Structures are given as C-alpha cells and as structure tokens.
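Colleague: attaching a predicted model along with its sequence, questions to come.
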Amino acid sequence: MREYAFIETKVEDYIGIIELNRPKQLNALNRQMIKEIVQVMESYDQDDTVRVILLKGKGRAFSAGADIDEMSNDDPIRLELLNQFQDWDRLSLIKKPIIGAVQGFVLGGGFELALSCDVLIAAEGAEFSFPEVNLGVMPGAGGTQRLTKLVGRTLALEWIWSAKRIQVEEAQSHGFVNRIVSGELLEEEALKFAKMIAEKPPLAIRLIKDSVNKAIDYSLYEGMQYERKNFYLLFSSEDQKEGMNAFVEKRKPKFQGK
C-alpha cells in the first residue's frame, strides 16, 4: 500500500482506515495532509473491498486545527490561485459512510473535518471549538455552514464568535457527537460500529446516506419524493433479493453490494 507523508492507511474487514499522523504538531492540518486524506477517501469510495471509512488521529489530539505557520503569510490572490478549499469540497462527494473517532482537541479545521464525518464517536474529555476569530479570521472549510445546520443560527453564532470550547457532553446533547466512550476504548468502539455497518448491504447504506443528506436542503415533500426513488431503485439489487429471501428462510443474509 502507498505510503503518505502525513497520514497512515490500511484496509481490514471491509473498513478503510485513515489515521492523521502528525502527533507532535497535534495533527495540525496542512494542505498536503488534506490532499492525502481526500485522495485516500476517494480511492476507498471506489474500492469494493472497502464498505466503511474510519477517520482517526494519532496521539493525544484528533486535530488542533490548520497549520497556521503555512497560512500566516498568505494573501487573497494566493489563496484564490491555490483554490484553498477545493480538496475540502470533495469530501462532500464521498458516497460511503465516514465514521470519525476523535479525542482531545478537535479545533478549527479539525472540527470542520470531524463535521464532515457521518457519525462521530468521541473520547471522554474531547473538546470542540472554532478559535479562528482569535486569529482575526473565521472558519473557511464549511464550519459556519455545517455547524449552523446542526445546532441552529443563534448557537452557531455564539460559539463561533466567542471561540467557546465545547465539552464533549454538550456536543452530544446538541447532536453532533453520537457516542462518548473512554479514551482507552475509542478505537475499539469505533471499529465495532464500523464493522456493524460494513455487514449491512452496501447499496442500501449508500442510498440511505444520500437520502438523509438531501433532507438537509430539501423540503419535506421533495425529500420524500427523492427517498421514494432510492427505495424503488434498491429493488433492482441482488442484495434486496438476498435480504428478503434470507428473512423468509430464517437465515443470516450474505450481502455482496450488488
């Protein structure tokens, strides 16, 4: 498997694992690191041996945010020519489920990366924040948009304006952390959840994600129409036949993703 400068990767039991690997820098996100993450996610998205993507960070922090040293001398023209966030935009196009396992600091760009996951499992003591305002800037990789859609306008404004450190329990109460586990069990619990999803029919999992994501922007009627078409589409799959036959025959189904 290819080696990367800032991440480590492996595939096991239909789970494609990506681990942020700059622990001395608290997994600060530079441009090359984001490029590597997105390239591997896109590769996993096309790989039949991967059904679920698991994203985690090495060391005591998931990610303390963007690499400020890299950005401190940038100007608007350079950022425009770099197309600074083009790789971030590609994260929204990943079809397979992305499970995030986070611990310690989940700040700035690290928070935006975590919010790009479909499910977040967090270790006790994890802290979330957008501290960009203290640097004279603001979130730029989707933070104002994703957080607002999750917690609403007024709370998003309060948190982003104040750079508040959000404790993991509060994060769970507002719905962007699914589960809280001890730090020692974080990887084990994340893998257990990922394996459970990987045993489900891949096409159904894919279209469920697609339909739920549409609910964020569609009206109820539009969303229901979209859901219905995906429901009908799954009746053309071999997994639908296998699932229903297994139910009738009282046996465990064997889903192939076809």
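Modeller: All right, it came through fine.
Colleague: for the stretch 151-258 of the chain, what spans make up the strands?
Modeller: 166-167, 179-181 (DSSP state E, counting those that start in this stretch).
Colleague: let's have the ones you listed in a markdown table, adding distance to Glu36.
Modeller: Where C-beta positions appear, they are placed from N, C-alpha and C, glycine not excepted. A markdown table is the format used below for those (distance: least, C-beta to C-beta, whole Å):
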| stretch | distance to Glu36 |
| --- | --- |
| strand 166-167 | 28 |
| strand 179-181 | 27 |
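Colleague: using TSV, lay out those together with distance to Glu12 and mean pLDDT.
Modeller: As requested, the strands of the stretch 151-258 of the chain are arranged in TSV below (distance: least, C-beta to C-beta, whole Å; pLDDT from 0 to 100):
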stretch	distance to Glu12	mean pLDDT
strand 166-167	32	96
strand 179-181	20	97
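Colleague: which one of the ones you listed lies closest to Leu26?
Modeller: When the strands of the stretch 151-258 of the chain are compared by C-beta to C-beta, strand 166-167 sits nearest Leu26, at 17.4 Å.
Colleague: name the helices or strands packed onto that closest one?
Modeller: For strand 166-167, the contact count by 3 or more C-beta pairs under 8 Å, 6 or more residues apart in numbering; DSSP states H and E identifies strand 127-129 as packing neighbours.
Colleague: what average pLDDT does the strand it packs on get?
Modeller: For strand 127-129, mean pLDDT rounds to 97.
Colleague: kindly report the same for stretch 213-233.
Modeller: 94.
Colleague: buried residues in it?
Modeller: 223, 226-227, 230 (16 or more other C-beta atoms under 10 Å).
Colleague: just those residues now: which is nearest Asp48?
Modeller: For these, the nearest to Asp48 is Asn230 (20.6 Å; C-beta to C-beta).
Colleague: please name the nearest non-neighbouring residue to that closest one.
Modeller: Once flanking residues are discounted, Asn230 sits nearest to Leu207: 4.2 Å by C-beta to C-beta, 6 or more residues apart in numbering.
Colleague: for the one you found, which residues are in contact?
Modeller: 230, 233-234 (C-beta atoms under 8 Å, 6 or more residues apart in numbering).
Colleague: secondary structure class for the spatially most central residue of the chain?
Modeller: Residue closest to the average C-alpha location in the chain (C-alpha atoms, centre = their mean): Cys117, at 1.4 Å. Here Cys117 is recorded as coil under DSSP: H, G, I helix; E, B strand; the rest coil.
Colleague: excluding chain neighbours, what is closest to it?
Modeller: The spatially closest residue to Cys117, leaving aside those adjacent along the chain, is Gly100, at 3.4 Å (C-beta to C-beta, 6+ apart).
Colleague: quick check: Glu199 touching Phe255?
Modeller: Yes: under the criterion of C-beta atoms under 8 Å, Glu199 lies in contact with Phe255, with a separation of 7.5 Å.
Colleague: so can I have TSV of the strands of the stretch 151-258 of the chain showing mean neighbour count?
Modeller: Shown next, in TSV, are the strands of the stretch 151-258 of the chain (neighbours: other C-beta atoms under 10 Å):
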stretch	mean neighbour count
strand 166-167	18
strand 179-181	17
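Colleague: domain map for this protein?
Modeller: Domain ranges of the chain: 7-198, 202-248, per automatic domain parsing.
Colleague: just how off-centre is the first one within its chain?
Modeller: Looking back up the chat, that one is domain 7-198. 6 Å (C-alpha atoms, centre = their mean, to the nearest Å).
Colleague: gap between the two ends of that domain?
Modeller: 23 Å (C-alpha to C-alpha, to the nearest Å).
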